[in-house]
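Visitor: prediction below, plus the sequence it came from.
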Amino acid sequence: MSDPILSLKGIHKSYGDLEVLKGIDITAHKGDVIALIGSSGSGKSTLIRCANLLEVPQQGDIIFKGDALRWTEKRGQRVPADDEQVRNLRTHLSMVFQQFNLWSHMTILDNVIEAPVTVLGQARNDAASKGRALLKKVGIGDKCDQYPAQLSGGQQQRAAIARGLAMSPTAMLFDEPTSALDPELEAEVVKVIKDLARDGTTMIIVTHDMKLARDVANHLIFLHQGQIEEQGVPSDVLDHPKSERLQQFLSATL
Ligand code: ADP
Ligand code: MG
């Protein structure tokens with residue numbers, strides 16, 4: 001097996017008295033596509049947000065390409081000790097959200113090249129030609145000069161994916177990328193995600209779409225109340241659920 005890219009070990013996260021993640025272990029190797037499923041409120045978003053430190057877990061380790069995140073204490077809270085490590089992690093893990101989160105006052109191309117120019121220091125022209133190519137790759141090469149509001153939801157989400165790819169990330173993190181879309185627009189985004197999987201892009205995808213999980217993932221994790229209840233090869237897990245909880249979840253999603 002190839003080297004691990006991202007390992008989460010023993011992740012615990014609470015909001016006040018509410019313990020949302022109760023000790024989660026996940027490892028993504030190069031080329032892995034991990035699908036994360038579970039009921040609303042099971043902790044999927046919190047987990048994927050912990051992976052790039054949009055949320056800071058109170059316990060557990062995050063190891064990115066062999067480099068374990070270092071921690072310190074501030075006002076009784078555990079926080080990352082080294083801002084550079086956090087920046088590095090975020091730069092190399094691109095996140096795509098359910099609600100696209102494009103900058104509404106910028107054109108689609110400017111959305112895509114903003115971070116490569118400001119964070120990576122790429123020359124604007126180089127970033128723009130790469131950005132155009134990425135927008136073409138996701139099927140919206142003709143939308144470069146439009147603004148987000150002029151695009152359909154499916155087009156906006158594909159622009160958001162192109163924006164993530166523009167950072168040449170080590171892995172992509174998706175949080176329900178198709179949940180805000182009508183079925184016919186969802187298919188456009190699913191196609192892009194399938195293409196990325198075929199290209200060997202390492203991805204962790206939170207999804208409610210069991211077909212997507214089955215088709216693109218090589219590993220599926222079912223989260224229940226902040227714990228991994230069941231995991232394995234997607235077709236095995238989905239066709240032969242062992243736990244009653246997963247059986248219930250699957251029959252409710254049909
Ligand atoms: P999922 O993505 O699986 O639907 P979430 O990770 O969004 O679940 O949420 C898990 C639980 O944590 C829910 O009970 C939710 O209300 C709670 N939660 C999430 N974010 C916060 C927050 N910032 N503050 C307080 N509670 C939160
Ligand atoms: Mg969520």
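Guide: In hand now; what should we look at? This structure is a prediction, so every number in the text was calculated from the model and none was measured. Ligands and ions are numbered 1, 2, ... in the order given.
Visitor: what's near enough to touch the residue in the stretch 1-150 of the chain that ligand 2 sits nearest to?
Guide: Residue nearest to ligand 2 within the stretch 1-150 of the chain: residue 45 (3.2 Å; Cβ to the ion). The C-beta positions use only the backbone N, C-alpha and C, and glycine is treated the same way. For residue 45, the contact set (Cβ atoms under 8 Å, 6 or more residues apart in numbering) comprises 175-176, 206.
Visitor: mind checking the SS state of it?
Guide: Of the three states, residue 45 takes helix under DSSP: H, G, I helix; E, B strand; the rest coil.
Visitor: which parts of the stretch 1-150 of the chain sit against ligand 1?
Guide: Listed as neighbours of ligand 1 in the stretch 1-150 of the chain under the rule Cβ under 6 Å from any ligand atom: 15, 18, 20, 38, 40-46.
Visitor: strands along the stretch 51-200 of the chain, start to end?
Guide: Ranges of strands within the stretch 51-200 of the chain are 59-64, 67-68, 71-74, 77-80, 93-96, 171-175, based on DSSP state E, counting those that start in this stretch.
Visitor: in a markdown table: those, plus mean pLDDT, distance to residue 135 and mean neighbour count.
Guide: What follows is those, written out as a markdown table (pLDDT from 0 to 100; distance: least, Cβ to Cβ, whole Å; neighbours: other Cβ atoms under 10 Å):
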| stretch | mean pLDDT | distance to residue 135 | mean neighbour count |
| --- | --- | --- | --- |
| strand 59-64 | 97 | 28 | 18 |
| strand 67-68 | 96 | 32 | 12 |
| strand 71-74 | 96 | 39 | 11 |
| strand 77-80 | 95 | 33 | 13 |
| strand 93-96 | 96 | 15 | 23 |
| strand 171-175 | 97 | 16 | 24 |
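Visitor: for the residue nearest to the spatial centre of the chain, which non-adjacent residue is closest in space?
Guide: Of all residues in the chain, the one closest to the mean position by Cα atoms, centre = their mean is residue 173, 1.5 Å from it. Leaving aside its sequence neighbours, residue 173 sits nearest to residue 95 (Cβ to Cβ, 6 or more residues apart in numbering; 4.6 Å).
Visitor: buried ones among the residues of the stretch 1-150 of the chain next to ligand 1?
Guide: By neighbour count, with 16 or more other Cβ atoms under 10 Å, those hold 20, 38, 42-46 as buried.
Visitor: for residue 233, state which of those residues is nearest.
Guide: Within those, the smallest distance to residue 233 is 17.5 Å, found for residue 38 (Cβ to Cβ).
Visitor: could you pull out the helices for the protein?
Guide: Ranges of helices within the chain are 44-51, 83-92, 108-118, 124-137, 153-165, 183-198, 210-216, 234-239, 244-253, based on DSSP state H.
Visitor: helices and strands around the last one, which ones?
Guide: Contacts of helix 244-253 with other secondary structure elements, assessed using 3 or more Cβ pairs under 8 Å, 6 or more residues apart in numbering; DSSP states H and E, are made with strand 219-224, strand 227-232.
Visitor: list the contacts of the residue nearest to residue 173.
Guide: Contacts of residue 95 by Cβ under 8 Å, 6+ apart are 48, 52, 54, 164, 172-175.
Visitor: cool, and residue 122?
Guide: By Cβ under 8 Å, 6+ apart, the neighbours of residue 122 are 113, 116, 130.
Visitor: got a pLDDT number for the first one?
Guide: Pointing back at residue 113 there. What the model reports as pLDDT for residue 113 is 98.
Visitor: could you list every residue that touches residue 238?
Guide: Applying Cβ under 8 Å, 6+ apart, we find residue 238 in contact with 210, 213-214, 220, 250.
Visitor: measure the residue of the stretch 1-150 of the chain closest to ligand 2 to residue 17 for me?
Guide: Noted for residue 45: a distance of 19 Å to residue 17, by Cβ to Cβ, to the nearest Å.
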